[in-house]
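**Student:** Sequence first, then the predicted structure:
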Amino acid sequence: MKRILPLILIALMAFSNRVQAFRMTTRYAQENGKMIVRASINGVEGRFVLDTGAPCSLTFSYAKRAGLKGGQVSRAYDSNGNIVNTTILDLPQLVVGGVAFTQLQAMQLPQGNMIEQFGIDGIVGYNLLRQGIVKFDGRAQTMTLTSDTTGLGIDLNMGILLTDDPYSTMIPLRMGQSVDTVMFDTGALDLYEMSNRFYERVKADTAHFRCIASGKGILSMGAAGLESASVKHRIVVPQAFLGNTALSRLSTITTDAIDSRIGSNLLRHGDVIIDYREGIFYFQPYASTTVPIDAYQPEWNVVVTVMGDHLEAGMVWNNAGGSIQSGDRIVAIGGERIDKVDMRKATTQAIFQMHPEGTEITFVNGRSGKEETMTISMN
């Protein structure tokens, strides 16, 4: 549910009544790394992902409940490069934070789209947010969208010029002599997700980019569903700069996405203000800017993933040991048998206990068909 790029040019761009002043603030909840807000159309309330990396979108079932009918047919790519067939909806109004936004369009996702299994009704996306100035307050877990900067607490010294892009919020991330133009994507979780395309450019620079593990597997879901299994790398960047803010031990997992991304975990370290009209991005750290932010994120050497109604080894890094491979079914964690899971519950609640220093799992070896036990950990 991240960046969606149209294959054909469409008029998914929004308001004609931009002259009216407005300000709204709404709280969001963090669920499984997604920022969830309440919004409504035609009086029908729903749960929406707050996503700077995607256009406003509705699930098929929510659009039907709200009495909306699709119009122009379009095709798009999701964040993993998979094709999504959509139709374009004209919204009578979208109410967020008590403010009704009108003359807005949205993509209607296909019937039975996977995100409905997570209890999500749609996306509040960039074609709404780009109409003003948006502030994400990570400590209060609020989003403010306004037509002026009054009271936002902007520190002009922390401004970063946005790269010109008609869809997404693109900013430079400096690492040594290299610059990665990354998308600020609140639909992503990790502080930094490096694209494989960028890694291929810089992997020879081992002084600034250190590969600590590699593997093949599945880690993400886009609007078209799960990505295909692919080779990924865990990288540590000793030092990087987001504007005037230094980041140390910046860890990342490469992806097949079109662009690298900075996700919502950035809000653990500071507020973000995006002035789309002036083309300026502000990251304002909570702590002193004289001390680099430690951006290392430990990872499981075997990543447990929900696949339909069961668990699998979605990603297996080459430092995991044992005979487990990506796609092997996991049937027990910490000695507790888990033969079947509910996808929504498993991805929004902690249905099993895992200890970072070591957790025993039982899996079915896909080559022999026999159950084996091993211990996985974070590092």
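**Tutor:** Sure thing, it's come through. Numbering: from 1, shown residues only.

**Student:** what ranges of the protein fall below the confidence cut-off?
**Tutor:** For the chain, the stretches with pLDDT under 70 are 1-19, 72-85, 220-228, 343-351.

**Student:** Kindly provide the distance from the one residue sitting closest to the centre of it to T102.
**Tutor:** What sits nearest the mean C-alpha location of the chain, by CA atoms, centre = their mean, is A188, with 1.3 Å. According to CB to CB, to the nearest Å, A188 and T102 sit 29 Å apart. For glycine as for every other residue, the C-beta is placed from the backbone atoms N, C-alpha and C.

**Student:** hey, where'd the helices end up in the stretch 251-379 of the chain?
**Tutor:** Along the stretch 251-379 of the chain, the stretches classed as helices by DSSP state H, counting those that start in this stretch are 343-348.

**Student:** and what of the stretch 51-200 of the chain?
**Tutor:** 60-65, 126-129, 196-202.

**Student:** Single out the most deeply packed of those.
**Tutor:** helix 126-129 (a mean of 24; mean count of other CB atoms under 10 Å).

**Student:** Now tell me what touches that helix from outside.
**Tutor:** With contact meaning CB atoms under 8 Å, 6 or more residues apart in numbering, helix 126-129 is reached by 12-14, 51-56, 94, 96, 101, 104-105, 145, 167-169, 274, 276.

**Student:** Alpha carbons of that helix, in PDB - could you do that?
**Tutor:** Provided in PDB are the C-alpha atoms of helix 126-129 (Å, rounded to 0.1, in the frame of the first residue of the first chain):
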ATOM      1  CA  TYR A 126      -0.900  12.400  -1.200                       C
ATOM      2  CA  ASN A 127      -3.500  14.000  -3.500                       C
ATOM      3  CA  LEU A 128      -5.200  15.200  -0.300                       C
ATOM      4  CA  LEU A 129      -2.100  16.000   1.700                       C
END
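
**Student:** so how far is it off the chain centroid?
**Tutor:** Relative to its chain's centre, helix 126-129 lies at 16 Å (CA atoms, centre = their mean, to the nearest Å).

**Student:** for stretch 263-275, same thing?
**Tutor:** Computed by CA atoms, centre = their mean, the chain-centroid distance of stretch 263-275 equals 13 Å.

**Student:** tell me the contacts of the closest residue to the residue nearest to the centre of the chain other than its chain neighbours?
**Tutor:** What sits nearest to A188 in space, not counting adjacent residues and going by CB to CB, 6 or more residues apart in numbering, is G263, at 3.4 Å. Shown in contact with G263 (CB under 8 Å, 6+ apart): G33, D185, T186, G187, A188, L189, D190, L191, Y192, E193.

**Student:** shouldn't the second one be in contact with N265?
**Tutor:** Yep, that's D185 we're talking about. No: assessed by CB atoms under 8 Å, D185 is found out of contact with N265, at 11.0 Å.

**Student:** picking that back up, out of the contacts of helix 126-129, which are buried?
**Tutor:** Among the contacts of helix 126-129, those buried by neighbour count (16 or more other CB atoms under 10 Å) are 12, 14, 51-56, 94, 96, 101, 104-105, 145, 167-169, 274, 276.

**Student:** so how many other residues sit close to Q177?
**Tutor:** Per other CB atoms under 10 Å, the neighbour tally for Q177 reads 9.

**Student:** residues contacting it?
**Tutor:** Shown in contact with Q177 (CB under 8 Å, 6+ apart): D205, H208.
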